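**Q** with the input below, show me the fold.
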Amino acid sequence: MKLFKTAIFTVSAVLLFASCSNKYKNDTKLAVEDGKTVVERYGQLQVIGTDLCNKDGQPVQLRGMSSHGLQWYGKFANENVIGWLRDDWNCQLWRAAMYISEGGYLSSKAIKTRVTDSVEAAIKLGVYVIIDWHVLGTKDPLAHVEQAKEFFDEMSKTYGSYPNIIYEICNEPNGEKVTWKDSIKPYAEQVIKTIRANDPNNIIIVGTPVWSSQPQLAAKDPIKADNIMYTVHFYAGTHGKTDRKNIKEALKLGAPVFCTEWGTTMASGDGGVFEKSTLEWMKFFEENNISWANWAVNNKGEDSGILGFNKDRDGKGGWTEKDLSPDGKLIRKILRNEIK
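**A** Take a look at the predicted model:
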């Protein structure tokens, strides 16, 4: 929140912070309710304290799905699939995962069309959309900061006026030499400045060290800007109590957290579905008002993909139970509020 110089405004700001930080009355988490989409109901998102809040300052928890790498499975980034995820799966959120390496944006900027397809479908359907600059193999986000600024300058100029937009500016920075202080924060400050020149309001999510598993490190040296959140990722078969402890520490230090990627499997994307651990994480996220996007919409046959091998080859949506993997069946139930 912005600082207010007068005593009256200071008191108002404190009261608003307190109202948002109290134990919130949980939303029904419906993508469409009483004929209104989630964006129509929540409107312009904002960060108050450690909570993601709606236009009225009430805490909300967004839940939805992430694409797989758009260079491989971009066929699913379309209105039919996102619409099916909204209406049948109850998704409020779509994440467009645009890898920058591994055959992604740095190899061909044409992959950007899969992002714009995602954004325009989300706007039409009234769901929120994460524009993900998917740092992975390149490790250090500073290595391509100029390309990131160019990309986010275009995205924020084109779509920054829509409340649907969420920017994820650095997926999973990693590597021993890639620290918060020397790499991730300096990168983020540059990209945030670029976005804010065009879009002063929409949420910006910043990656954290060690594949976005250490939000507490960012919380100790936070970025000074409004409507900033910090990324955490987990995979239920690999991550557990220690990782939740890191998140609790970040929250205690005042850092708002958003889980832009998680899976029911091992971190490899395989190893089976860990349902008990998954539900422990879901309870933790609900108790702490942490929004999330599940990995991932693909039919490659990996355990963390929601579709069975080679199902829906054309990316049309309309899936039946037979089309879904064990992972997909579990995630659909969670999103539809049929299991906790």
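
**Q** going along the chain, name the helices of the stretch 201-340 of the chain.
**A** In chain order, the stretch 201-340 of the chain shows helices spanning 209-212, 215-219, 241-252, 275-287, 326-335, with DSSP state H, counting those that start in this stretch as the criterion.

**Q** and among these, the most buried is which?
**A** Neighbour counts (mean count of other Cβ atoms under 10 Å) averaged over each of these peak at helix 215-219, with a mean of 25. Every residue, glycine included, has its C-beta placed from N, CA and C.

**Q** closest to Leu93 out of the helices of the stretch 201-340 of the chain?
**A** helix 326-335 (10.0 Å; Cβ to Cβ).

**Q** give me the contact list for that closest one.
**A** Outside of helix 326-335, the residues that reach it under the criterion Cβ atoms under 8 Å, 6 or more residues apart in numbering are 63-65, 88-91, 263-265, 273, 275, 278, 282, 294, 303-308, 319, 321, 324, 339-340.

**Q** one more time with 7 Å, if that's ok
**A** With Cβ atoms under 7 Å, 6 or more residues apart in numbering as the contact definition, helix 326-335 has outside contacts at 63, 89-91, 264-265, 273, 275, 278, 282, 294, 303-307, 321, 324, 339.

**Q** now stretch 292-302
**A** For stretch 292-302, contacts defined as Cβ under 7 Å, 6+ apart pick out 63-68, 73, 76, 81, 93, 95, 130, 259-263, 269-270, 285, 304-312, 331.

**Q** and what of stretch 113-125?
**A** The contact list for stretch 113-125 (Cβ under 7 Å, 6+ apart) reads 37, 70, 74, 77-79, 82-83, 86, 94, 96, 98, 128-129, 131, 159, 162, 164.

**Q** repeat for stretch 273-289
**A** The set of residues external to stretch 273-289 that reach it, using Cβ under 7 Å, 6+ apart, is 24, 51, 59, 61, 234, 236-237, 240, 244, 251, 259, 262, 264-265, 292, 303, 326-327, 330, 334, 340.

**Q** swap the cut-off to 6 Å and go again
**A** Counting by Cβ atoms under 6 Å, 6 or more residues apart in numbering, stretch 273-289 makes contact with 51, 59, 61, 236-237, 244, 264, 292, 326-327, all of which sit outside it.

**Q** do stretch 308-318 as well
**A** Taking contacts as Cβ under 6 Å, 6+ apart, the residues outside stretch 308-318 that touch it are 75-76, 78, 80-81, 84, 299, 301, 323, 325.

**Q** include distance to Lys109 when you put the helices of the stretch 201-340 of the chain into a markdown table, please.
**A** Formatted as a markdown table, the entries for the helices of the stretch 201-340 of the chain read as follows, by distance: least, Cβ to Cβ, whole Å:
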| stretch | distance to Lys109 |
| --- | --- |
| helix 209-212 | 25 |
| helix 215-219 | 29 |
| helix 241-252 | 34 |
| helix 275-287 | 35 |
| helix 326-335 | 31 |
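
**Q** now, which of the contacts of helix 326-335 lie within strands?
**A** 63, 294 (DSSP state E).

**Q** pull out the buried residues from the contacts of stretch 113-125.
**A** Buried by 16 or more other Cβ atoms under 10 Å: 37, 70, 74, 77-78, 82-83, 86, 94, 96, 98, 128-129, 131, 159, 162, 164, out of the contacts of stretch 113-125.

**Q** nearest to Glu102, out of the helices of the stretch 201-340 of the chain?
**A** In terms of Cβ to Cβ, the element of the helices of the stretch 201-340 of the chain nearest to Glu102 is helix 209-212, at 14.8 Å.

**Q** how far does the closest one sit from the chain's center?
**A** 15 Å (Cα atoms, centre = their mean, to the nearest Å).

**Q** so what touches it?
**A** The list of residues contacting helix 209-212 from outside it, by Cβ under 6 Å, 6+ apart, reads 172, 174, 180, 217, 231, 233.

**Q** of those, which is the most crowded?
**A** In terms of neighbour count, Thr231 stands highest of these at 26 neighbours, by other Cβ atoms under 10 Å.

**Q** many thanks, have a good one.
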